[in-house]
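K.L.:
Please work out how this folds:
(3 chains)
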Amino acid sequence: MRKPCCEKTEMTKGAWSIQEDQKLIDYIQKHGEGCWNSLPKAAGLRRCGKSCRLRWINYLRPDLKRGSFGEDEEDLIIRLHTLLGNRWSLIAGRLPGRTDNEVKNYWNSHLKKKLLNIGTTTLRPNKLREINHAPYNKLVKYFNDMDDEVVDEVSTDSASTEISSCLVPKLNLDLSLSLALE
DNA sequence: AACGAGGTCAACCGCGCTTAC
DNA sequence: GGTAAGCGCGGTTGACCTCGT
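P.N.:
The predicted structure follows:
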(Lines give C-alpha, C1' and ligand atoms only; values in the text may rest on other atoms or scores of the structure.)
Protein backbone atom coordinates (compact mmCIF):
# COMPACT_ATOMS: atom_id res chain seq x y z
CA MET A 1 0.00 0.00 0.00
CA ARG A 2 1.20 3.50 -0.80
CA LYS A 3 2.18 5.70 2.10
CA PRO A 4 0.05 8.76 2.72
CA CYS A 5 1.67 11.78 1.08
CA CYS A 6 1.71 13.67 4.38
CA GLU A 7 3.99 11.13 6.09
CA LYS A 8 7.03 12.32 4.15
CA THR A 9 7.76 15.20 6.50
CA GLU A 10 6.17 16.77 9.52
CA MET A 11 3.09 18.48 8.16
CA THR A 12 0.51 20.63 9.87
CA LYS A 13 -2.92 19.04 10.05
CA GLY A 14 -6.35 20.23 11.08
CA ALA A 15 -8.00 23.58 10.59
CA TRP A 16 -6.25 26.21 8.50
CA SER A 17 -5.15 29.48 10.11
CA ILE A 18 -5.80 32.88 8.53
CA GLN A 19 -2.07 33.23 7.88
CA GLU A 20 -1.96 29.91 6.03
CA ASP A 21 -4.99 30.88 3.96
CA GLN A 22 -3.35 34.17 3.04
CA LYS A 23 -0.11 32.47 2.00
CA LEU A 24 -2.02 30.08 -0.22
CA ILE A 25 -4.14 32.83 -1.78
CA ASP A 26 -1.09 35.02 -2.40
CA TYR A 27 0.83 32.20 -3.99
CA ILE A 28 -2.00 31.12 -6.31
CA GLN A 29 -2.77 34.71 -7.30
CA LYS A 30 0.87 35.14 -8.32
CA HIS A 31 1.58 31.76 -9.88
CA GLY A 32 -1.79 30.21 -10.61
CA GLU A 33 -3.02 26.70 -9.80
CA GLY A 34 -1.10 23.58 -10.71
CA CYS A 35 1.67 21.31 -9.38
CA TRP A 36 0.08 20.98 -5.97
CA ASN A 37 2.84 18.73 -4.76
CA SER A 38 5.52 21.41 -4.97
CA LEU A 39 3.21 24.29 -4.05
CA PRO A 40 3.45 24.05 -0.23
CA LYS A 41 7.23 24.35 -0.23
CA ALA A 42 7.18 27.17 -2.76
CA ALA A 43 4.46 29.00 -0.82
CA GLY A 44 6.12 28.45 2.54
CA LEU A 45 3.38 26.21 3.91
CA ARG A 46 3.82 23.16 6.13
CA ARG A 47 0.91 21.36 4.46
CA CYS A 48 0.79 18.57 1.93
CA GLY A 49 -0.21 19.42 -1.64
CA LYS A 50 -3.47 17.57 -1.33
CA SER A 51 -4.47 19.61 1.66
CA CYS A 52 -3.64 22.87 -0.18
CA ARG A 53 -5.65 21.79 -3.21
CA LEU A 54 -8.64 20.91 -1.05
CA ARG A 55 -8.48 24.14 0.90
CA TRP A 56 -8.31 26.19 -2.29
CA ILE A 57 -11.02 24.32 -4.17
CA ASN A 58 -13.46 23.97 -1.30
CA TYR A 59 -12.99 27.23 0.54
CA LEU A 60 -10.67 29.89 -0.87
CA ARG A 61 -11.50 29.99 -4.58
CA PRO A 62 -12.90 33.44 -5.39
CA ASP A 63 -15.75 32.14 -7.55
CA LEU A 64 -17.30 30.09 -4.75
CA LYS A 65 -20.93 30.73 -3.96
CA ARG A 66 -21.26 30.54 -0.19
CA GLY A 67 -24.51 30.08 1.68
CA SER A 68 -27.45 27.73 1.51
CA PHE A 69 -28.67 25.97 -1.62
CA GLY A 70 -31.62 27.42 -3.51
CA GLU A 71 -34.63 25.40 -4.61
CA ASP A 72 -33.35 25.30 -8.20
CA GLU A 73 -29.99 23.98 -7.08
CA GLU A 74 -31.66 21.44 -4.82
CA ASP A 75 -33.85 20.20 -7.63
CA LEU A 76 -30.91 19.97 -10.00
CA ILE A 77 -28.85 17.98 -7.49
CA ILE A 78 -31.70 15.51 -7.04
CA ARG A 79 -32.10 15.04 -10.79
CA LEU A 80 -28.38 14.73 -11.38
CA HIS A 81 -27.98 12.27 -8.54
CA THR A 82 -30.68 10.13 -10.10
CA LEU A 83 -28.75 10.25 -13.34
CA LEU A 84 -25.22 9.79 -12.00
CA GLY A 85 -25.34 8.40 -8.48
CA ASN A 86 -22.58 9.59 -6.15
CA ARG A 87 -20.46 11.26 -8.84
CA TRP A 88 -20.20 14.44 -6.81
CA SER A 89 -17.62 16.18 -8.94
CA LEU A 90 -19.79 15.79 -12.04
CA ILE A 91 -22.84 17.01 -10.17
CA ALA A 92 -20.93 19.98 -8.74
CA GLY A 93 -19.70 20.77 -12.26
CA ARG A 94 -23.28 21.62 -13.20
CA LEU A 95 -23.67 23.96 -10.23
CA PRO A 96 -21.59 27.12 -10.69
CA GLY A 97 -19.78 28.15 -7.54
CA ARG A 98 -20.45 24.87 -5.74
CA THR A 99 -17.89 22.21 -4.83
CA ASP A 100 -18.18 18.45 -4.79
CA ASN A 101 -17.62 18.47 -1.04
CA GLU A 102 -20.40 20.98 -0.53
CA VAL A 103 -22.83 19.04 -2.71
CA LYS A 104 -21.92 15.78 -1.02
CA ASN A 105 -22.41 17.27 2.45
CA TYR A 106 -25.70 18.81 1.43
CA TRP A 107 -26.91 15.55 -0.03
CA ASN A 108 -25.98 13.56 3.06
CA SER A 109 -27.37 16.04 5.55
CA HIS A 110 -30.51 17.33 3.79
CA LEU A 111 -31.58 15.71 0.57
CA LYS A 112 -31.24 12.07 1.55
CA LYS A 113 -33.74 12.56 4.36
CA LYS A 114 -35.98 14.75 2.25
CA LEU A 115 -36.23 12.09 -0.45
CA LEU A 116 -36.92 9.40 2.10
CA ASN A 117 -39.83 11.46 3.30
CA ILE A 118 -41.36 12.49 -0.02
CA GLY A 119 -40.47 9.53 -2.23
CA THR A 120 -37.63 9.56 -4.74
CA THR A 121 -36.72 10.16 -8.39
CA THR A 122 -36.92 8.49 -11.75
CA LEU A 123 -35.63 8.73 -15.30
CA ARG A 124 -37.27 8.53 -18.68
CA PRO A 125 -36.94 4.87 -19.64
CA ASN A 126 -35.27 5.49 -23.04
CA LYS A 127 -32.68 7.83 -21.51
CA LEU A 128 -31.97 5.37 -18.74
CA ARG A 129 -31.51 2.49 -21.17
CA GLU A 130 -28.98 4.54 -23.10
CA ILE A 131 -27.00 5.56 -20.03
CA ASN A 132 -27.34 2.26 -18.27
CA HIS A 133 -25.04 0.45 -20.65
CA ALA A 134 -22.28 3.03 -20.88
CA PRO A 135 -18.87 2.39 -19.31
CA TYR A 136 -17.92 4.99 -16.74
CA ASN A 137 -15.47 7.01 -18.85
CA LYS A 138 -18.04 7.16 -21.64
CA LEU A 139 -20.66 8.21 -19.13
CA VAL A 140 -18.45 11.08 -17.94
CA LYS A 141 -17.87 12.29 -21.49
CA TYR A 142 -21.53 11.81 -22.35
CA PHE A 143 -22.54 13.79 -19.32
CA ASN A 144 -20.05 16.60 -19.85
CA ASP A 145 -21.27 17.02 -23.42
CA MET A 146 -24.91 16.93 -22.36
CA ASP A 147 -27.08 20.00 -22.91
CA ASP A 148 -28.94 21.45 -19.97
CA GLU A 149 -32.24 20.58 -21.66
CA VAL A 150 -31.27 16.92 -21.59
CA VAL A 151 -30.50 17.16 -17.89
CA ASP A 152 -33.93 18.70 -17.49
CA GLU A 153 -35.48 15.55 -18.99
CA VAL A 154 -34.69 13.76 -15.76
CA SER A 155 -37.82 14.41 -13.82
CA THR A 156 -38.64 14.18 -10.15
CA ASP A 157 -41.76 12.21 -9.44
CA SER A 158 -42.88 11.35 -5.97
CA ALA A 159 -45.25 8.69 -7.31
CA SER A 160 -42.47 6.59 -8.80
CA THR A 161 -40.75 5.42 -5.64
CA GLU A 162 -41.06 1.77 -6.54
CA ILE A 163 -39.60 2.13 -10.04
CA SER A 164 -36.68 4.30 -9.05
CA SER A 165 -35.71 2.22 -6.04
CA CYS A 166 -35.09 -0.60 -8.54
CA LEU A 167 -33.56 1.46 -11.34
CA VAL A 168 -31.03 3.61 -9.52
CA PRO A 169 -29.13 0.74 -7.86
CA LYS A 170 -29.27 -1.09 -11.20
CA LEU A 171 -27.70 1.91 -12.93
CA ASN A 172 -24.77 1.82 -10.54
CA LEU A 173 -24.48 -1.96 -10.71
CA ASP A 174 -24.43 -1.97 -14.50
CA LEU A 175 -21.75 0.72 -14.54
CA SER A 176 -19.61 -1.36 -12.20
CA LEU A 177 -20.10 -4.43 -14.36
CA SER A 178 -19.25 -2.48 -17.51
CA LEU A 179 -16.03 -1.35 -15.88
CA ALA A 180 -15.15 -4.82 -14.66
CA LEU A 181 -15.68 -6.31 -18.08
CA GLU A 182 -13.69 -3.69 -19.99
C1' DA B 1 -27.11 27.20 33.36
C1' DA B 2 -25.70 22.58 32.16
C1' DC B 3 -25.77 18.78 29.44
C1' DG B 4 -26.66 15.51 25.76
C1' DA B 5 -28.28 14.56 21.03
C1' DG B 6 -28.28 15.58 16.54
C1' DG B 7 -26.76 18.43 12.66
C1' DT B 8 -23.25 20.72 9.85
C1' DC B 9 -19.21 21.14 7.33
C1' DA B 10 -14.09 21.44 6.84
C1' DA B 11 -10.58 18.35 6.49
C1' DC B 12 -8.40 13.83 6.18
C1' DC B 13 -7.72 9.14 4.24
C1' DG B 14 -7.11 5.79 0.92
C1' DC B 15 -8.01 4.20 -3.56
C1' DG B 16 -7.89 4.36 -8.54
C1' DC B 17 -6.79 6.79 -12.70
C1' DT B 18 -3.47 9.39 -15.44
C1' DT B 19 0.89 10.78 -16.82
C1' DA B 20 5.82 10.90 -17.19
C1' DC B 21 9.81 8.41 -17.46
C1' DG C 1 5.04 -2.38 -21.30
C1' DG C 2 6.20 -1.52 -16.41
C1' DT C 3 6.69 1.46 -12.60
C1' DA C 4 6.42 5.44 -9.69
C1' DA C 5 4.58 9.81 -8.62
C1' DG C 6 0.95 13.15 -8.95
C1' DC C 7 -3.74 14.18 -8.92
C1' DG C 8 -8.68 13.86 -8.21
C1' DC C 9 -12.44 11.59 -6.25
C1' DG C 10 -15.72 9.57 -2.87
C1' DG C 11 -16.20 8.01 1.80
C1' DT C 12 -15.48 9.07 6.43
C1' DT C 13 -14.23 11.50 10.57
C1' DG C 14 -14.33 14.75 14.16
C1' DA C 15 -14.67 19.45 15.90
C1' DC C 16 -17.86 22.78 16.45
C1' DC C 17 -22.61 24.56 16.64
C1' DT C 18 -27.54 24.53 17.73
C1' DC C 19 -31.44 23.10 19.95
C1' DG C 20 -34.27 20.71 23.22
C1' DT C 21 -34.73 19.16 27.90
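K.L.:
element containing A:R53, please.
P.N.:
Taking DSSP states H and E as the definition, A:R53 sits inside helix A:49-55.
K.L.:
For that helix, enumerate the helices and strands it packs against.
P.N.:
Counting contacts by 3 or more C-beta pairs under 8 Å, 6 or more residues apart in numbering; DSSP states H and E, helix A:49-55 packs against helix A:18-31, helix A:39-43. In this view, the C-beta of every residue, glycine as well, is placed from N, C-alpha and C.
K.L.:
just those helices: most buried one?
P.N.:
Per residue and on average, the most neighbours among these fall to helix A:39-43, with a mean of 17 (mean count of other C-beta atoms under 10 Å).
K.L.:
re the thing from before, would you mark the buried spots in the helix or strand following the helix holding A:R53?
P.N.:
Once helix A:49-55 ends, the next helix or strand along the chain (criterion: DSSP H and E) is helix A:71-84. Neighbour-count burial for helix A:71-84 flags A:73-74, A:76-84 (criterion: 16 or more other C-beta atoms under 10 Å).
K.L.:
Can you pull the residues of chain A lying near DNA strand C?
P.N.:
Residues of chain A found near DNA strand C (C-beta under 7 Å from any atom of the strand) are A:5, A:34-37, A:49-50, A:53-54, A:86-90, A:100-101, A:104-105, A:108.
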